[in-house]
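Engineer: after the sequence you'll find the predicted model.
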Amino acid sequence: MKTQEEKINDSTTRVFKAVFPNTTNHYDTLFGGTAMQFMDEVAFITATRYSRQKMVTVSSDRIDFKRPIPHGTIIELIGKVTYLGTTSLKVRVDIFIEEMYSNSREKAITGEFTFVAIDENKKAVKVE
Ligand SMILES: CCCCCCCCCCCCCCCC(=O)SCCNC(=O)CCNC(=O)[C@H](O)C(C)(C)COP(=O)(O)OP(=O)(O)OC[C@H]1O[C@@H](n2cnc3c(N)ncnc32)[C@H](O)[C@@H]1OP(=O)(O)O
């Protein structure tokens, strides 16, 4: 039986993507809405890997866009469970920018998402 800390570590989810022009706006930076979609997906995967239950998004908390993400960079999204409630849990997702041809790396976006575990009748159930 895993401890809560082991479950959080094991469910921490890292996804890399290359930022190509099909995801960028007229400033040549990643669309904010596209970043939010990537984050929701990584948060969902993290919540599901933590609980192995059906999870739905109930809320997205504040999302801070600290740096623009230029095309031609690599981004890493990291999702980590930060809070466990009774039927809900929170996942923080950070996006880091890496330049392709140097070791430069900086945090660009941070956000938090709340998920609720549901049963076959779509009712909230305890997160295991
Ligand atoms: C063209 C290309 C397209 C590509 C595209 C790709 C998309 C790539 C993205 C993929 C991403 C996948 C993501 C899939 C997941 C969905 O998409 S889910 C769809 C969106 N979400 C929904 O439809 C959920 C709708 N809401 C509900 O069904 C109900 O509110 C729920 C979730 C069953 C909860 O029911 P309820 O009666 O409100 O429950 P209640 O007992 O009041 O609260 C339950 C818990 O939620 C908490 N809670 C309730 N409201 C809130 C709130 N506003 N804030 C924080 N906590 C709250 C409560 O505090 C409680 O927590 P605990 O104290 O038990 O821990």
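Structural biologist: Right, received. Where do you want to start? On a predicted model such as this, the values are computed, not experimentally measured, just so you know.

Engineer: just the strands in the chain please.
Structural biologist: Under the criterion DSSP state E, the chain contains strands at 13-18, 54-65, 73-84, 88-99, 105-118.

Engineer: redo those as TSV? Include mean neighbour count and mean pLDDT.
Structural biologist: Yep, even glycine has a C-beta here, placed from its N, CA and C like the rest. Rendered in TSV, the data for the strands of the chain read as follows (neighbours: other Cβ atoms under 10 Å; pLDDT from 0 to 100):
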stretch	mean neighbour count	mean pLDDT
strand 13-18	14	98
strand 54-65	14	95
strand 73-84	18	98
strand 88-99	20	98
strand 105-118	19	98
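
Engineer: nearest to the ligand: which residue in the protein?
Structural biologist: Nearest to the ligand in the chain, going by Cβ to the nearest ligand atom, is Gly85, at a distance of 2.2 Å.

Engineer: quick one, what contacts that residue?
Structural biologist: Each residue near Gly85 by Cβ atoms under 8 Å, 6 or more residues apart in numbering is listed here: Val127.
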